[in-house]
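S.K.: Can you look at this prediction? I've put the sequence above it.
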Amino acid sequence: MNNQEVAQIFENIADMLSIKGEIIYKTLAYRRAADSIRAQSRSVEDIWRDGKLKDIQGVGDAIAKKMDALFSQGKMPFYEELKAEVPVGLVEMLKVGDVGPKKAAMFWKEMGITDLDALEKAADEGKLRDLDGMGPKSEARILEGIRAFRRRQTGRISLGDAWPTAEDFLARLRDIPGVEAAEAAGSLRRWRETVGDLDLLVGSSHPDDVMQAFLDFPEIGRVLGQGETKSSVELNNGLRMQIWVHPPERFGSALQYATGSKEHSVKLREWALKQGLSLSEHGFKRDDGTEILCAEEANVYATVDLPWIPPELREDRGEVEAAKAGVLPDLVTLEDIRGELHAHTDWSDGQLTLEEMARGAQESGLDYLLITDHSQSLGVTNGLSEERLRSQRQAIDKLQSKLGDSFRLYQGAEVEILADGTLDYPDDVLKGLDVVVASLHTSLRQSREKVTKRLLRAIRNQHVDVIGHLTGRLIGSRDAADLDVEAIFREAAEHGVILEINSNPERLDLNDVHARRAVEVGCKLAINTDAHHLDHYAFRRYGIGTARRGWVTASDVINTLSMKDFEAWRAARN
DNA sequence: GCCGTTTTCGGCCCGACTGTTTTCAGTCG
């Protein structure tokens, strides 16, 4: 059972207990345990085997015992009993806007409603409005909430859609008179791999005017909520957006608040309280009621004697403790990247020529580029036969002489790891390539043992230098292959094989948790774009965001090396 | 239910917004 599945059980328990009316702190404890399990880079089942469950933040005697039952018996009696008592449909109901535990319990107990369909029917027939604390408006909101929930079933949007939209809005917000600053906040600023809605923060001394100007943007389809400091809207394309407007002298604390995560902010506020300071989006308050205002976000952290914590780390995964101890990692940046090690051309399924891809990389400031067209078996991608691979070598050498000494073009390949674990070119062909990237594209649904074995075999091949997009997942459309990542990381570390963070916003593979664990185990990483077009080089920032979320530093990343050092690494590999 | 640079017991972040209310409960982030 994977961490996600275990976390989901505790999340469900928290929901069910809250519907039962259990004290909030108990439900909070289950929720914290679930978050903490999700953030574990190691499998919690492994941790259980080692008898170290209680080392996990938020896991104490009671929750450890329940996990023990789950892993040793295959099920958790406490959870089974709870499910028999509280209908599971109520848990889904909580995902509808404006429906929380109190209302869900009321619908259940007063009207016998136990699932979304029944709730929708009751709302439609006007039967909810007579309940305590309800009225026609609440009923209409819930009905709309159910419909919005069904619309967004596909879920969260990718960073590749979210960032460009946010940047467009931010640019226009900055043009509004009276706006002194506008920044993205929320999970977008933390570079989470998907975001539920876009959070934007504006600094202005004229909040009413700014808010009104924003609400007049033509893309805005529906206003969900509107106040002095905060409004929430739905765009015509269904995307949700929240905007906060705070005075410039309070912008720093507002940005900190709006960026989250909630768990990080709670930690920070608890820490502030210990120093007699109450922190909110408006700033700090001392016990005597006087305020400390923060125009800059760094001032928020400095006020409680902490260094500024990069947004990507703010998930309550140990960053506050690391900040206190002065051991925050010096995270890799976009500017650290010197070369690209995964790019396609029209020799296989890329859209541009060798020269166009090379010039583009050179003009974007890179020092070297590894061309990695697909290998022969991947027919749909026009994979290269051995003969075409030899022709491509000549073309690359010829182009190199045109490009000059300040930029180096390498020939590699993205070699398919076949279903039986062998590679798609024989060893003597692989030997002739400058750097070899090996990836899986097919038979991802094999058993955990089989896929893991394929990858281990590829890693042990002396010619393989990099493993591309390890799990093969496509966010929102294809699940990751079931892998023993721990075994793979150990093997890669031992053989000096690099693991890629694929920057395509649909992939982001390795993900943040994997990246962090891989480095812990001793692996080096590459941050690649998998570009099939010049435009795709811009994906790099998403890979960087993912790496930073994984606490990755420049020295963990092979393509931060200068051309000279990269050449030395390559020589040592051969 | 968890946890300890106030505590092994008694706390556990803070405020905005909405709709239903005549001062507040519920939800959300």
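M.R.: That came in fine, so what should we check first?

S.K.: from here on, contacts and neighbour counts on C-alpha atoms
M.R.: OK.

S.K.: Would you mind listing what in the stretch 51-200 of chain A touches DNA strand B?
M.R.: Proximity of the stretch 51-200 of chain A to DNA strand B is confined to A:54, A:56-64, A:94-104, A:129, A:132-139, A:141, A:186 under the rule CA under 7 Å from any atom of the strand.

S.K.: Report the mean per-residue pLDDT for stretch A:281-290.
M.R.: With pLDDT averaged residue by residue, stretch A:281-290 scores 90.

S.K.: Between the two ends of that stretch, what distance do you get?
M.R.: One end of stretch A:281-290 sits 15 Å from the other (CA to CA, to the nearest Å).

S.K.: returning to that earlier point: can you flag the buried ones in the residues of the stretch 51-200 of chain A next to DNA strand B?
M.R.: A:54, A:56, A:58-59, A:63-64, A:94, A:96, A:98-101, A:103-104, A:129, A:138-139, A:141, A:186 (16 or more other CA atoms under 10 Å).

S.K.: which stretches of chain A aren't confidently modelled?
M.R.: Residues of chain A meeting the criterion pLDDT under 70: A:152-155.

S.K.: how is it carved up into domains?
M.R.: According to automatic domain parsing, chain A is divided into the following domains: A:3-152, A:155-246, A:260-328, A:334-573.

S.K.: mind putting these in a markdown table, distance to A:S253 included?
M.R.: Output for the domains of chain A, formatted as a markdown table (distance: least, CA to CA, whole Å):
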| stretch | distance to A:S253 |
| --- | --- |
| domain A:3-152 | 24 |
| domain A:155-246 | 9 |
| domain A:260-328 | 5 |
| domain A:334-573 | 22 |
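
S.K.: Most tightly packed of those?
M.R.: Among the domains of chain A, ranked by average contacts under mean count of other CA atoms under 10 Å, first place goes to domain A:334-573 (a mean of 20).

S.K.: Can you give the distance from it to the centre of its chain?
M.R.: Centroid displacement of domain A:334-573 relative to its chain, using CA atoms, centre = their mean, to the nearest Å, is 20 Å.

S.K.: how far does it stretch from start to finish?
M.R.: Using CA to CA, the end-to-end distance of domain A:334-573 comes out at 26 Å.

S.K.: Helices of the stretch 151-300 of chain A, start to end?
M.R.: For the stretch 151-300 of chain A, the helices defined by DSSP state H, counting those that start in this stretch occupy A:159-174, A:186-189, A:207-215, A:251-259, A:262-274, A:297-303.

S.K.: Can you add distance to A:Y425 and give the ones you listed back as CSV?
M.R.: CSV is the format used below for the helices of the stretch 151-300 of chain A (distance: least, CA to CA, whole Å):
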stretch, distance to A:Y425
helix A:159-174, 34
helix A:186-189, 41
helix A:207-215, 57
helix A:251-259, 48
helix A:262-274, 48
helix A:297-303, 53
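
S.K.: Compare these and give me the one nearest A:L510.
M.R.: Nearest of the helices of the stretch 151-300 of chain A to A:L510, taken as CA to CA: helix A:159-174 at 15.4 Å.

S.K.: Show me what from the stretch 251-400 of chain A comes close to DNA strand B.
M.R.: Going by CA under 7 Å from any atom of the strand, the residues of the stretch 251-400 of chain A near DNA strand B are A:258, A:262, A:265-266, A:269-270, A:273-275, A:277-282.

S.K.: Go again with 10 Å.
M.R.: A:257-287, A:289, A:324-325 (CA under 10 Å from any atom of the strand).

S.K.: need the longest strand for chain A.
M.R.: Counting residues, the longest strand found in chain A (DSSP state E) is strand A:408-416.

S.K.: who does that one touch, helix- and strand-wise?
M.R.: strand A:368-371, helix A:386-403, strand A:435-439 (3 or more CA pairs under 8 Å, 6 or more residues apart in numbering; DSSP states H and E).

S.K.: need the next SSE after that strand, C-terminal direction.
M.R.: Under the assignment DSSP states H and E, the closest C-terminal helix or strand after strand A:408-416 is helix A:427-431.

S.K.: contact partners of that following helix?
M.R.: The contact list for helix A:427-431, computed with CA atoms under 8 Å, 6 or more residues apart in numbering, reads A:386, A:436, A:463-464.

S.K.: Please repeat the previous calculation with a cut-off of 6 Å.
M.R.: For helix A:427-431, there are no external contacting residues (CA atoms under 6 Å, 6 or more residues apart in numbering).

S.K.: CA atoms only for that helix - export them in PDB, please.
M.R.: Taking C-alpha atoms only, helix A:427-431 is exported to PDB below (Å, rounded to 0.1, in the frame of the first residue of the first chain):
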ATOM      1  CA  ASP A 427      26.200  -2.000 -26.600                       C
ATOM      2  CA  ASP A 428      28.600  -1.100 -29.400                       C
ATOM      3  CA  VAL A 429      26.200   1.500 -30.800                       C
ATOM      4  CA  LEU A 430      25.600   2.900 -27.300                       C
ATOM      5  CA  LYS A 431      29.300   3.100 -26.800                       C
END
